[in-house]
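[1] Sequence and predicted structure below; questions after.
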Amino acid sequence: MTIVTIESFFTAMAQCFQDGDHRSVARTRVYPGAIYLEDEVIVLESAAAFVAFMENHCARNYQMGVRRVQNRVVAQSLSRTNNYSVWVVWQHFDAGGELLSATNARYICRDSIMGVPEVQLVEYIDMPACYKEADLDVMGAPRRQSS
């Protein structure tokens, strides 16, 4: 059994984003999966939908000047029936190393049989204004109003 710490999991995820390796990140997800953005819900039905979503998302970040991302795990809840929450701050930097924006997200995870975290759901607690203003329909994912 492989046990992966949550910090190393998110560090590896940031490196995959940096390298454009969205397929590796897609393998850490459970489908269908949801991303909550305030009053919107984006439902990703498959790994292919996740990859397309992330390619568009990262392309938009690049257009906004983002050249490097890093994250920091702020907190992790205790596991309940193999589900747990992880709060992560994502920071977005330009080519000169200046912080452009930060995003706070809560991930609902579970551990696979191999001890590797799997993301079931992402809830953005706060996002940069540029994300809120972006038209997420271009990202190719169905949107639903949350209730």
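    Sure, I can see it.
[2] buried stuff in the lengthiest strand in the chain?
    Longest strand in the chain by number of residues (criterion: DSSP state E): strand 99-111. For strand 99-111, burial by neighbour count (16 or more other CB atoms under 10 Å) applies to 100-101, 103, 105-109, 111. For the C-beta atoms, the positions are set from N, CA and C on the backbone; glycine is no exception.
[3] Which strands or helices does it pack on?
    If contacts are counted by 3 or more CB pairs under 8 Å, 6 or more residues apart in numbering; DSSP states H and E, strand 99-111 sits against strand 83-93, strand 117-126, helix 129-133.
[4] coming back round to it: can I get the buried residues of strand 99-111 in a markdown table with pLDDT and distance to Thr11?
    Listed next are the buried residues of strand 99-111 as a markdown table, based on pLDDT from 0 to 100; distance: CB to CB, whole Å:
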| residue | pLDDT | distance to Thr11 |
| --- | --- | --- |
| Leu100 | 90 | 20 |
| Ser101 | 88 | 20 |
| Thr103 | 89 | 16 |
| Ala105 | 93 | 15 |
| Arg106 | 95 | 18 |
| Tyr107 | 95 | 14 |
| Ile108 | 95 | 19 |
| Cys109 | 93 | 15 |
| Asp111 | 85 | 17 |
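[5] What is the three-state secondary structure of Ala75?
    Using DSSP: H, G, I helix; E, B strand; the rest coil, the three-state assignment for Ala75 comes out as strand.
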